[in-house]
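Engineer: Show me how the following folds:
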Amino acid sequence: MGTLFRKTVRRPIPKFAAIVEKNGQTLARWNSRGKWRTAPVAVDVGGLRTVAVEIGTYYARFKDHAGELVERSTGCRDETNARQKLARWEREAEQIGAGVLDAADLETARAAAGPIGPHIDDYETALSAAGVSDIYKANALRAIHRLTTELGIDTIRGMRRDKVEQWLADSVAGGMGARTRNYYRDAVVRFANWLRDAGRLAGHDLNKLPKADERADPKRQRRAFTSEEIARLLVVAVRRPLDEARTIRRGKNKGKLAADLRPEVVERLLGVGRERVLIYRTYIYTGLRFAELRTLTVARLDLTPGSECIRLEAKNEKNGAGSTIPLRADLAAELRQWIGDKNLGPADRLFAVPAGLRRILDRDIKAAGISKRDERGRTVDVHAMRTTFATMLSTSGTSPRTAQAAMRHSDIRLTMGTYTDPKLLDVRQAVENLPPLTHRLTEVPAPVAIYAADRNPESTHDCSENCGPEGRLLASAGKMGATIRQSDERPGDSLNPVVVNEKALLTTPVVNRAESGRRDLNPRPLAPQASALAKLRYGPNQTYRRIAS
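Structural biologist: Presented below is the predicted three-dimensional model:
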């Protein structure tokens with residue numbers, strides 16, 4: 001038979017408690033929820049005075065189906081409800097022992113009915129144990145928390161497909177893009193798969209949620225910066241912090257760069273502009289992502305001349321693999337000077353990348369006279385600098401496979417299709433760089449030459465060398481079809497035949513007027529071009545031999 005009890009825990013003395021002495025014992029007396037409570041005062045090891053209080057909910061102690069003593073919270077403050085829950089647990093233990101219920105199924109059902117918060121915490125622990133990056137873990141947990149909060153899901157049993165599907169549909173109607181929709185869909189499916197594999201959920205159908213077509217609904221299409229736009233952006237970025245501080249905001253001199261600043265303020269603002277330019281240049285020349293650059297420390301840089309590179313930690317990279325990114329020598333020299341001027345240590349962040357860099361870049365773009373959107377609706381933002389890096393690789397003649405490695409993509413289609421701006425590719429110059437093709441043919445098949453001669457009636461070539469005594473056209477050389485060599489170099493007459501044949505044919509059948517009774521022995525009619533050519537050269541009444549081809 002199980003028992004019910006309330007646990008006693010030690011807590012600091014309540015703020016408004018009165019300390020009294022009674023029978024040589026120190027007591028604390030306070031009012032809690034309209035009831036007066038009294039508890040003896042004790043002193044902890046650290047010198048903190050505490051009181052022993054009972055928690056509000058009942059705990060149950062009983063034997064499970066294996067005969068082991070189990071202690072479990074009922075979650076009930078009322079003793080009657082707590083006793084009913086204890087009786088149910090004892091009945092379940094008896095049914096499991098008799099083989100009526102399955103213990104694993106019962107634990108799964110109990111977990112599914114419990115609050116979802118502890119399961120999310122355990123999922124976070126499982127992600128950390130799996131070695132995923134902090135960025136991936138933060139994104140996954142953020143999506144799950146938003147879904148459960150906005151849908152009011154308090155148990156994992158409440159994660160139903162119809163509820164999630166309706167939420168996704170409403171979000172898309174509110175302006176959510178296809179890619180973001182798939183992000184939330186994949187996050188909740190992975191969480192449900194983990195619950196199922198951990199024995200906390202019997203099964204789910206969330207994986208049947210349809211995926212949106214990201215290509216058919218591109219919420220944001222990025223373009224690359226042009227070289228001229230990059231130059232203008234860097235000029236504005238280095239000057240704008242100081243110019244904004246010197247701009248007068250009100251009065252008759254409103255808009256003028258006339259405000260007086262202390263020398264230390266000017267120096268600080270110039271440093272902000274210098275750092276912003278270095279941030280932009282590092283983005284464009286390395287293809288780093290926003291989170292990767294924010295977490296980059298000085299220790300991850302190797303600025304040794306000849307081997308300059310960035311070594312990303314696996315936990316700070318999107319794919320969690322860790323990569324080595326080469327650095328241009330001029331950029332490495334600027335970073336070396338930056339580290340020395342700022343006196344940065346190995347553990348210091350390379351840049352103080354602001355969280356609002358997107359808004360800062362938008363203002364720099366506007367000040368530089370760069371359109372945020374082009375005529376095709378494509379935008380430029382912080383991540384567009386990664387697109388610029390990929391496009392610059394392609395325009396500089398880098399092979400696709402090398403560009404894929406530089407971008408750290410697992411699929412070359414992502415490098416060439418998504419991150420390369422086709423508008424900036426010089427296709428015309430690529431066509432101009434193709435090798436030239438000769439316009440003269442050194443050898444052509446005999447039928448082609450005959451047809452060309454037929455089409456060129458002004459040809460004055462004397463073919464008597466190749467004619468028989470009766471003016472018959474002979475094939476006195478050639479291997480299974482003679483070849484005609486070109487010798488006439490007159491412009492516009494590149495197909496002027498002169499010599500036919502190098503080896504005699506085995507047979508030269510003669511075409512006669514009489515026809516055989518067998519169809520296979522009857523001569524085939526000559527092509528119109530060859531017939532016209534023969535009549536033109538030898539007259540209509542002369543016989544001629546047909547060249548075997």
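Engineer: For the rest of this, base every contact and every neighbour count on C-alpha atoms.
Structural biologist: OK.
Engineer: any idea of the mean pLDDT for stretch 141-155?
Structural biologist: Across stretch 141-155, pLDDT averages out at 89.
Engineer: go on, stretch 65-75?
Structural biologist: Mean pLDDT, computed over stretch 65-75, is 81.
Engineer: Show me the contact partners of that stretch.
Structural biologist: 57-64, 82, 85-86, 93-94, 96-97 (Cα atoms under 8 Å, 6 or more residues apart in numbering).
Engineer: for the chain, longest helix please?
Structural biologist: When the chain is scanned for its longest helix (criterion: DSSP state H), the result is helix 263-286.
Engineer: Verify the stated contact: residue 184 with residue 143.
Structural biologist: Yes. Between residue 184 and residue 143 there is a contact at 5.8 Å, judged by Cα atoms under 8 Å.
Engineer: ok so, going back, strands - which of the contacts of stretch 65-75 land there?
Structural biologist: Among the contacts of stretch 65-75, DSSP state E puts 59, 60, 61, 62, 63 in strands.
Engineer: Looking at those residues, which is nearest residue 270?
Structural biologist: residue 59 (65.1 Å; Cα to Cα).
Engineer: May I have the beta-bridge partners of the closest one?
Structural biologist: residue 5, residue 73 (DSSP bridges).
Engineer: That one and residue 404, how far apart?
Structural biologist: Shown here: residue 59 relative to residue 404, a distance of 60 Å by Cα to Cα, to the nearest Å.
Engineer: Now do the phi/psi pair for residue 67.
Structural biologist: phi 80, psi 10 (degrees, to the nearest 10).
Engineer: What about it, how many residues nearby?
Structural biologist: 10 (other Cα atoms under 10 Å).
Engineer: What's the PyMOL line that selects buried ones from the contacts of stretch 65-75?
Structural biologist: PyMOL command restricting the contacts of stretch 65-75 to the buried ones, with burial defined by 16 or more other Cα atoms under 10 Å:
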select buried, resi 57+58+59+60+61+62+63+64+82+85+86+93+94+96+97
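Engineer: buried set for stretch 158-176?
Structural biologist: Residues of stretch 158-176 classed as buried: 158, 159, 164, 165, 167, 168 (neighbour count, 16+ other Cα under 10 Å).
Engineer: One more: stretch 357-364?
Structural biologist: So, applying 16+ other Cα under 10 Å, buried residues of stretch 357-364: 361, 362, 364.
Engineer: can you check stretch 75-92 too?
Structural biologist: Of the residues in stretch 75-92, those buried (16+ other Cα under 10 Å) are 82, 83, 85, 86, 87, 89, 90, 92.
Engineer: any idea where the strands of the chain begin and end?
Structural biologist: Here the chain has its strands, by DSSP E, at 3-5, 8-12, 18-22, 25-32, 35-43, 49-54, 59-63, 69-73, 301-302, 309-311, 324-326, 443-445, 483-486, 497-500.
Engineer: burial of residue 205, as a residue count?
Structural biologist: 13.
Engineer: just residue 279 next, same as before
Structural biologist: What residue 279 shows, counting by other Cα under 10 Å, is a neighbour count of 17.
Engineer: one step back: please flag which of the buried residues of stretch 357-364 sit within helices.
Structural biologist: Short answer: those in helices (DSSP H) are 361, 362, 364.
Engineer: The first one touches residue 380, doesn't it?
Structural biologist: Which is residue 361. No. Counting by Cα under 8 Å, residue 361 stays clear of residue 380, with 9.3 Å between them.
Engineer: In CSV, list the ones in helices among the buried residues of stretch 357-364 along with pLDDT.
Structural biologist: Shown next, in CSV, are those (pLDDT from 0 to 100):
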residue, pLDDT
361, 93
362, 93
364, 93
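Engineer: how many other residues sit next to residue 187?
Structural biologist: 17.
Engineer: give the contact list for residue 407.
Structural biologist: 287, 390, 415.
Engineer: Nearest to residue 270, out of those residues: which one, please.
Structural biologist: Using Cα to Cα, the contacts of residue 407 come closest to residue 270 at residue 287, 25.4 Å.
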